[in-house]
Each structure stands twice: as structure tokens, then as C-alpha cells.
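Engineer: pasting the structure only:
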């Protein structure tokens, strides 16, 4: 086992050394080339698919009657703020039983676990199973080209099941897997009330854009978090009895999260099943930022001309991110906010959820449970978003996520890391999944 | 007349060359010393009064049965943004019939006009009339020590009438004067909902501080601008018939302002008397800034932990700036905003309005009308604020403002200036006022 971990560490070190930051358009070709090289070394035939933003690394090969498709990405979040890192974000560090670097978990660590699981399978069973890889380079900037890519390459990507990019153990160390992701659409609201900033003494007669935007935002949800935009919930697909059952099995982490986050209470006092249902299977609106006027020290008697707020909507099946801006516009108009403009910041991602009754979900859960020797937690959806929908839609196959992280992995933050023990067990779970999928035992 | 303007220009050039920016604590002693030197040159006895922030320049002298007190200040606003100035803000420039520099109007140009009016009086009538000067050095940062100063020096400051710091002609070129200023109190509201920023996917269960603060701000006023804080209007003194009459005489500038500001309409559709009443004699709340979360390009899926807004209340007699924060706190508590903190940014200034029936008001108006040869507009209050209250309160004397500016003077902005013609006529109006006050004709 020592040798396997040493091999994994070396591979991860090579990958994290490439600063493939998609938000900055940095080292993306280099990242793609390195991934192609690694997959080729595994015995797959890699191709760089151009024309969809940074190259998409596609690879296929191996033997078997069925195909398993891996979705991963080689781009990472910016390392800022650099001063909060204990070590160089682009040099793999090993300490305290963990591997530290930008991308150590998201998503280079996950990619290495898959490569290592395939190497272990090959060594143990004498052949490479029939797998495909899609490793994109702009997941961290919202995968703007992936929907078109999957639609156009659907025949090349064809597979019976999809392994999604991440996962691991929860705060109590229990392994978990998930079968869906929320959709998202990111917008900006802009209120403008005058041609230029005025002295605040004119506030007696001139409208204030902060007031207008505050009222517009306040009109979007109620005190318990329910969205008040007419039609917003129209396409929400009711949970099936199986989905409700799975949701009810998720342990109640609300009190631990409440303490960790330092919040007084959750919206609507949600706990237990209500908490899990809201977090994992209900849509919501969230305000990411609000900026207007003076923000420096002390006071300034200014009446700003404009105020801007950024918000995102998290969506669940079968809501459509392309419909939300129009519903929002209609709502604002109906409420008299003619002075508030709606700007779509990102095209958005559709919500996705695999059929929980599909045998692949049970198979992945079994693999996890056998590798960890304990019950695994299944999430019908995660609270977050990702480009899972085009895969489910075009390949007509289920997707499940499991991986090598834990809640303290500091994904997107300084000092990102994975614990070696999580990596080891996560990789063995992947190996077990390959065996169950390709060998049937 | 050429010689008089040349003398004024030279004096103003000396004063604006001192970058006495109070917000930056810059060159304030130098500014005070120069003012003392100028007043001494006039034949007054200057003193630097210490212990009230930057030195207050006090000066007295001259002959007469009554005393006229001039209030001015030697500090200026920061010149930023420097790149928007056509010439060096601290070097007086003359072009297009105007004098350009930081402080050219506010308040060094006004001070020079007074000095020149006194020189002209002396030359014409052979003696210096009995005047006092209070020239402070922190007007641009809210005059935090002036109330204590006036209270403690009330005997030294004793005068029958006070000439306030600024004024000039309105957009149509009509001379105006004013008899009061609104009060002000500047506050910050802070909403905090979690210990640190979270990923926005938690917005499904965790409260958002932007939502809380938006709702809190929206609760402070109605759509027409009326403040909804219980007790806010309790101490507003009703306008007297004379004040209403004076207000009704103010020309309706609302349409010109609406066009200049690029606003659709004024709050409550106010025009004419309603407009003037709101702008000059009604209190209001104004939002100066709102800052929370992400404000950069594109989107960021963050749920911020805190949101902050700055606001100011403009007050009218007899509202008390010290009571407003407590009324606000009680209102927020009653509305359930236990998570919103009220922070007082500046102690504030009390509203002030002189008795419009006092003969000095009529005398100042007559001086203006004689110098300009046309009807002068009298404002019971200006929309802005200033430290007039302690003078009215402790000296039991009326204060009136008139001066040498115009609406395009760009006070507090790049390319501040006064037109030489306005300076000339404004100074002659001051001379006429001195004659009417001291000679009775």
C-alpha cells in the first residue's frame, strides 16, 4: 500500500504544479496536455477536443461490455489570498497526514484517485476496464461550453453510467454519495435614480437607489426564505416516495452546522428532515453582494446615483435557469420597480438528479459501504451546482458522485488539502465500484 | 474697481496655496496662521484659540455700537480625484472670468470677500466697523469641537448679528440669502448573520445579511420619502405663517433641477411649494452607501456574513440629533431587527433657523437687493447642514448667509471656482450690509 500512495502523491504533485486557473486563463493548455499524458500512460487514447473554451480532454479505451464515464476538470480556483496559505499553493506539501495544494481535492486529487483506482484494477485483474474520461478546463467558471460539447459529442461520450467529480466523508466520517446537483443562475440587479451622485441634502426630494434596490430585494423572498416571484415554483417536480425516503435517512447535521457557522437559527427554524429537504431539494434565492455609494471610514454626505446587487438562484428539477430572469423581470415590473434592471451574469446550469431507483446508485453505495465497512449516506441532490444536467440528458445514464474529500478540505480556500487516509479509502471504494460494475462481484 | 479685484485675487491666491485639508489633518496650523495674519492686516486683533481641534482663529476690533460676527472656516475638502482638475487645486488660476482652486468658493473665497468688504468700508468711511471673526479649521469634518467652543467663549463671541459663511446667486442669477441650516446625524447599520462568509448554496437554510439590511432600510421610509420611525416627527416645529409666506416666495426650480439631475420625478411628485417645503423645511433619511459581499466582475457564489449601510438624517427645528439613534434602535427592535446594529458615525449637528421677523434678516435682504438691483430670494433654511445652532443658541442673535458663489461653483468637487462677477457683486452686497448695519443708511 505504501507504494500505491507514493505513486499517487507523485502524480498529484505533477498535476498541482500546473497553475491552471481558469478565471485567469492561466496554464490551461499545459493542464490539458498533462492530463492527456497521464491518461495515455494508463493505456487510454486521449484526444484534445477544441472549440469549447480551453481544450476538453477526452479519453477512452479498455475492455468490457459496459462503459463507465468519468467527469472531472483540470482547472482550479485562483489561489488568492496568497498570504493565508501556509505553503506554496502550487507545490504539493505533505504534513499532518494530508496533501496540501490548490486542487489537492478539487479536482486534481479526485482525478488522481480515479487514475489510481484504474491502475489498481489493472494490476489486480490483468486488464483495463472500458472507461471514458471527460476532463474539462472551465468548471470553476461555470462550464459555459460544456452543454454544447456534450450535445455535440453525445455519441463519443455514450456510457451506461457516469461517475461525477467529487465526494468523500461527512463531518462524522461517514462516506457519502450523491445523485444530483442543483441548477444555478447568477444575476445582477441595478437601480439607477439620477444621472450622477448628488449631495445627500437632496435626499429630501430625490429618490435613493439604495432604497429602491433594498425594496426590490426584500420583495423576492419572505422571512422564512420562500421565494415570492410568481411562477418560480411552477416547474418544481415533487419528490418521489423513494426520494423522500432517501432524504429522511440523511443524518441531521443541523445543530453541528449551526454551531460551526455561528448562526442563531436556520431559516424558518428548519431542523432534521425539514432542514435536509430545504438544503438539498428546494430552490432558493441568495444575495451575493450589494454595492452602492460610500463605503470608506466615517461618513460621507452623498446620495448615490446607482446601486447594484448580485444574486443567485439555486434551482431543482425541473426548473429552468433560462426562465428565471424573465420571471424576475415580470415580478419587478408588477411590483412597480421600473427603475431596476435585470442583468444575467452567467447563462446558468440546469438542475439534475439521477433516478435513485437506477441499479448504478445502489451499486455505488454498496462499493462505498464495502470499502469503508459502514453505512453510506445518499444525497438525492447536493446543495451546490455543477454541469451534470447535459450528461444525464444526452447520455440517458445516471450519474453518481463519490470521492476523497472531507468537509474540512477547504475547497476554493487557502490551504486546500485532502487527508491521505480519505484518499486511500476513497480510492479503494472506486476500485470496488469498478469491480462491481465490470466484474459483477 | 480693477485694483480692488487685483487685491482680492492676490489674497485668495495666498490662501488657496495652503493645502489645509482637515480630513487629512494637512497644513491646518499654517492655514490658521495665514488667516490670523490677514485679519491683523485689516486692523483686527487676532488670537489662536487652542483646545478645540485645529486652532480656531478669533479676531475682533473696529468701532461701533453694535457688533457683527463673521463665521468662516479655513479648512477645505480633499482635492481628490486630482486627475479631474484642469489646473493644480492649490494654485489659483484665472480663466473664463473665474478664479479656480480648492477653496476658491468654500470657504476661502467667502473669507476674502468679507475682508475686501471691510477694506472697502474702511476706505470709504474712514474707520473699521466693530466686527468679530470666528474662523474654524474643521468645518469640512463636521465641526466636532465648535459647539463646546461657542458655549465656552460665548462672552467673547457676543454680537448682535451673525453673517454665515456662504451664499451667492441661484441658477437664474438671482441673489439669495438664507436664515437657517438643517441638522444632521450620520449613522451606520450593520447586519451580521454568521461567523464567516459561506458558500452560497447554504442560502437555502442560512439567513442572508443583505436581505436583513435591505428590509431594515426599507422599513425606515415610505415610497414618498416620509420617515416611518415612530417619534421622528414629534419635535418638528410647525412653520410660522411668515415662514410659510417666505417659502411660498421661493421660485420653483424643480423642473430645472429635475432635468439637470436626470431624475424621472421627485419623491411624491413634489413640485412648487411642496417641493420647496420638502427640500428646505422637512427632515428626511438618506442612504449614503451599502456594502456587502462580492462586488467585482461577473458572479461569485458567496453568502456574506455581514452587510453595512451608511445613512444620514437631515433634521429641522426642533429635532435633536442625539435622540435619532435611540428612536432608530427602538424602531428596529420593534420591527424584529435584533440582528441589526446601530453605530453613530458622527455626533451630528442641530438644526437652526433664525427668526425671519428679526430686522437683521430684512436688512441683509435689502443690502443684497440694492447691490444686485433685483429681488433677492430668502430661504428660511438651506437643504444642507452646518454648525449654526450653537451660535444662535448661545449668542441669542440671528444668522444670515449670503456670499459669492453660484450653483456651478463645484464646491467639494474638482475644478471648484467662483465667477469674478459674482465675487464683485457679492462683495459689494457685503459692503452695503456693513453700511446698513453700522451706519443705518
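Structural biologist: Structure's in. What do you need? If you're wondering where the values come from, they're calculated on a predicted model, not measured in any experiment.
Engineer: alpha carbons only for contacts and neighbour counts from here, please
Structural biologist: Noted.
Engineer: what does stretch A:272-287 rub up against?
Structural biologist: Stretch A:272-287 is contacted by residues A:182, A:220-221, A:225-227, A:247-248, A:250-254, A:309-316, A:379-383, B:200-205, B:208, B:210-211, B:303 when judged by Cα atoms under 8 Å, 6 or more residues apart in numbering or on different chains.
Engineer: now stretch A:116-130
Structural biologist: A:4, A:8, A:42-43, A:60-68, A:427-428, A:430-431, A:434-435, A:438.
Engineer: list the buried residues for stretch A:239-251?
Structural biologist: Judged by neighbour count (16 or more other Cα atoms under 10 Å in any protein chain shown), stretch A:239-251 contains these buried residues: A:243, A:247-248, A:250.
Engineer: excluding residues flanking it in the chain, which one is nearest residue A:306?
Structural biologist: residue A:192 (4.4 Å; Cα to Cα, 6 or more residues apart in numbering or on different chains).
Engineer: hang on, residue A:407 packs against residue A:171?
Structural biologist: Yes. Between residue A:407 and residue A:171 a contact is recorded at 5.9 Å, counting by Cα atoms under 8 Å.
Engineer: so what sits against both of the two?
Structural biologist: Contacts common to residue A:407 and residue A:171, judged by Cα under 8 Å, 6+ apart, are absent.
Engineer: so is stretch A:382-397 next to chain B?
Structural biologist: Yes. For stretch A:382-397, a contact with chain B is found by Cα under 8 Å from any Cα of the partner chain, at A:383-385.
Engineer: tell me the bridge partners for residue A:307.
Structural biologist: Applying DSSP bridges to residue A:307 gives these bridge partners: residue A:191, residue A:292.
Engineer: quick check: it touching residue A:213?
Structural biologist: Yes. Residue A:307 lies in contact with residue A:213 (Cα under 8 Å); the separation is 6.8 Å.
Engineer: any residues in contact with both of the two?
Structural biologist: A:190-191.
Engineer: tell me, how many residues neighbour residue A:124?
Structural biologist: Each residue near residue A:124 was counted by other Cα atoms under 10 Å in any protein chain shown, and the total is 10.
Engineer: any idea how far it lies from residue A:360?
Structural biologist: Note on residue A:124: its distance to residue A:360, by Cα to Cα, to the nearest Å, is 23 Å.
Engineer: which among the buried residues of stretch A:239-251 gets closest to residue A:38?
Structural biologist: Comparing those against residue A:38 with Cα to Cα picks out residue A:250 as the nearest, at 36.8 Å.
Engineer: surely that closest one is in contact with residue A:376?
Structural biologist: No. Applying Cα under 8 Å, one finds residue A:250 not in contact with residue A:376, separated by 9.6 Å.
Engineer: how about the nearest residue to the closest residue to chain B within the stretch 1-150 of chain A, chain neighbours excluded?
Structural biologist: Residue of the stretch 1-150 of chain A nearest chain B, by Cα to the nearest Cα: residue A:141 (9.2 Å). Counting by Cα to Cα, 6+ apart, residue A:141 lies nearest to residue A:23, which is 6.2 Å off, once chain neighbours are set aside.
Engineer: secondary structure class for that neighbour?
Structural biologist: Secondary structure for residue A:23, judged by DSSP: H, G, I helix; E, B strand; the rest coil, is helix.
Engineer: could you do residue A:330 as well?
Structural biologist: Three-state assignment for residue A:330 (three-state DSSP): helix.
Engineer: right, and the helix or strand after the helix or strand hosting residue A:29?
Structural biologist: Here residue A:29, judged by DSSP states H and E, is contained in helix A:28-41. Next along the chain after helix A:28-41, taking DSSP H and E as the criterion, comes strand A:45-49.
Engineer: between helix A:28-41 and that next one, find me the angle.
Structural biologist: 160 degrees (axes from the mean of the first three to the mean of the last three Cα atoms, to 10 degrees).
Engineer: that concludes my questions; thank you for your assistance.
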